[in-house]
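[1] fold the following and give me the result.
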Amino acid sequence: MRDLFPILIFSLLVMFGYAGFVTFGIPLIVPAPPPVEEKLSGDITMEQYVAIGDKIFHGKGTCTLCHNTTGHRAPILEMASSDGEPVGVRAAERIKDPRYQGEAMNGEEYLHESLVDPSAFVVAGYGKTGTNDTVSPMPSVNKGAIGLSDVEMGAVIAYLQSAAGVDITVALPTGEAPADDGEEEEVTVAANAQEAFDKFGCSACHMHPLIDEGGDIGPDLGKVGATAGSRVIGLTAEQFIAQSIIKPNAVIAEGFDADTMPDDFAESMTVSELNMLVDAVLHPDKKPDQEPDSTEGE
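    Residues are numbered from 1 along each chain as shown. So this is what the prediction gives:
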C-alpha cells in the first residue's frame with residue numbers, strides 16, 4: 001500500500017503530461033485558403049506579368065521547394081550556378097542535347113515542356129534514383145495539387161526569361177479577367193489522406209502507397225511508421241510523425257538535408273488533415289475510404 005500513492009502520482013503526471021502535449025505541443029491549426037488561379041486580362045503589362053510569375057514561382061508553384069541553393073535537390077533556375085547559366089539562357093541549348101526526348105523547337109517551348117513533362121529532359125544528377133537520369137522527380141505543375149493554368153505557366157516562363165536577361169518571348173494573356181463577385185474563396189479541406197497528400201504536394205518529395213508517383217527527395221513515408229515510435233525518447237509514433245510534419249527540422253532523417261521541407265504547414269493545415277496524414281504514415285496500407293470521418297472542429 002505504501003507504493004500505491006507514488007504510483008498514482010506518477011500515473012497522473014504522465015496523463016497530464018500527455019494531455020498537455022496534445023493540447024499545447026501540437027498547435028491549434030486553422031486552414032488557410034488554397035492557392036487560387038491568378039486573374040489576368042489583356043490589360044496587363046509585361047512587367048506585371050513577370051511580377052506575377054515571380055509570385056507563382058516562389059508561392060503557388062512550389063518551385064523553390066527543390067530549386068534552391070540550400071538543399072539543391074534540383075537545378076538552380078534563376079541565376080548562374082554550378083548548373084550553368086540561368087535556365088532562360090540554357091533552355092535553347094537543352095533541345096540540342098542527345099539525351100533530350102521532347103518536342104520543343106525553341107527555348108520558350110522547352111521551358112513550357114519542362115513544366116508539363118519534366119522527364120522530357122533530366123539534368124544529369126537530378127533524376128530519380130535508379131533511373132539513370134531518365135525520370136524526373138518533379139511533378140507536372142499543370143496537374144494535381146499545384147494545378148497551374150496555361151496563363152500562370154506563361155507568367156513563370158516570362159519570369160525565368162526576365163531573370164536570365166534574355167528576350168521575353170511569351171505572349172501576354174488576352175481576354176477579360178473573370179469578374180470578382182466579392183465572395184470569399186471557399187476553403188477546401190481534404191476529405192481523406194490521399195487528398196491531403198495531393199493538396200500539400202507531398203508527392204514532389206515522398207513516396208507512399210497512396211501516392212501514385214512520388215519522389216525520393218524526402219524519406220519514404222510508407223516506411224516511416226515502422227520506426228517512428230523509437231526515433232525520439234518520450235515521443236510516441238503519432239507524436240513523432242506530427243512533429244515531423246509541422247516542425248520538419250526538429251529531427252532530420254539520415255541521408256537527407258535540413259530546410260528542404262516547408263515549415264509552415266501548421267499555418268495551412270487543419271487538425272483533421274494533420275491527423276489523417278499522421279494515421280496514413282503510421283498505417284500505410286490503409287485505403288482512403290477507410291479514413292474515419294472527422295467531426296473535430298476546425
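[2] so how far is stretch 43-50 off the chain centroid?
    Remark: stretch 43-50 is offset 27 Å from the chain centroid, using Cα atoms, centre = their mean, to the nearest Å.
[3] flag the shaky bits of this protein, pLDDT-wise.
    1-8, 10, 12, 14, 16-42, 71, 144-145, 175-187, 288-298 (pLDDT under 70).
[4] so which residue is dead centre in it?
    Closest residue to the average C-alpha location of the chain: residue 201 at 3.5 Å, with Cα atoms, centre = their mean.
[5] now do the phi/psi pair for that residue.
    When read as degrees, to the nearest 10, the backbone of residue 201 gives phi 70, psi 30.
[6] how does the chain divide into domains?
    25-33+188-290, 46-164 (automatic domain parsing).
[7] relative to residue 172, which of those is closest?
    Closest to residue 172 of these is domain 46-164 (Cβ to Cβ; 6.0 Å). For the C-beta atoms, the positions are set from N, CA and C on the backbone; glycine is no exception.
[8] run the chain-centre distance for that closest one.
    The gap between where domain 46-164 is centred and where its chain is centred comes out at 15 Å by Cα atoms, centre = their mean.
[9] just the terminal-to-terminal distance for that domain.
    For domain 46-164, the first-to-last residue distance is 15 Å (Cα to Cα, to the nearest Å).
[10] give the next helix or strand downstream of the helix or strand where residue 243 lies.
    In the assignment (DSSP states H and E), residue 243 maps to helix 237-246. Downstream of helix 237-246, the first helix or strand assigned by DSSP H and E is helix 265-268.
[11] and that next one, what's buried?
    Residues 265, 268 are the ones in helix 265-268 that count as buried (16 or more other Cβ atoms under 10 Å).
[12] and the helix or strand that that helix is followed by, what does it pack onto?
    For helix 265-268, the following helix or strand on the C-terminal side (DSSP H and E) is helix 271-282. Here helix 271-282 touches helix 193-199, helix 221-224, helix 237-246, going by 3 or more Cβ pairs under 8 Å, 6 or more residues apart in numbering; DSSP states H and E.
[13] helix 271-282 vs helix 237-246, what angle?
    Here the directions of helix 271-282 and helix 237-246 differ by 120 degrees (axes from the mean of the first three to the mean of the last three Cα atoms, to 10 degrees).
[14] what's the offset of helix 271-282 from the middle of its chain?
    On Cα atoms, centre = their mean, the centre of helix 271-282 falls 16 Å from that of its chain.
[15] dump that helix to PDB, restricted to CA.
    In PDB, the C-alpha atoms belonging to helix 271-282 read as follows (Å, rounded to 0.1, in the frame of the first residue of the first chain):
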ATOM      1  CA  VAL A 271      -6.100  19.500 -37.400                       C
ATOM      2  CA  SER A 272      -8.200  16.800 -39.200                       C
ATOM      3  CA  GLU A 273      -5.800  16.900 -42.200                       C
ATOM      4  CA  LEU A 274      -2.800  16.600 -39.900                       C
ATOM      5  CA  ASN A 275      -4.400  13.600 -38.100                       C
ATOM      6  CA  MET A 276      -5.200  11.900 -41.400                       C
ATOM      7  CA  LEU A 277      -1.600  12.300 -42.600                       C
ATOM      8  CA  VAL A 278      -0.300  11.000 -39.300                       C
ATOM      9  CA  ASP A 279      -2.600   8.000 -39.500                       C
ATOM     10  CA  ALA A 280      -1.700   7.300 -43.100                       C
ATOM     11  CA  VAL A 281       2.000   7.400 -42.400                       C
ATOM     12  CA  LEU A 282       1.500   5.200 -39.300                       C
END
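[16] and residue 52, that one's in a helix?
    Yes. Under DSSP: H, G, I helix; E, B strand; the rest coil, residue 52 sits within a helix.
[17] how near is it to residue 279?
    Distance from residue 52 to residue 279, counting by Cβ to Cβ, to the nearest Å: 38 Å.
[18] so between those two, which is more surrounded?
    Just comparing residue 52 and residue 279: by other Cβ atoms under 10 Å the higher neighbour count belongs to residue 52, 22 against 18.
[19] the nearest residue to that one once chain neighbours are set aside: which element?
    Once flanking residues are discounted, residue 52 sits nearest to residue 155: 4.6 Å by Cβ to Cβ, 6 or more residues apart in numbering. In this structure, residue 155 sits in helix 150-164 according to DSSP H and E.
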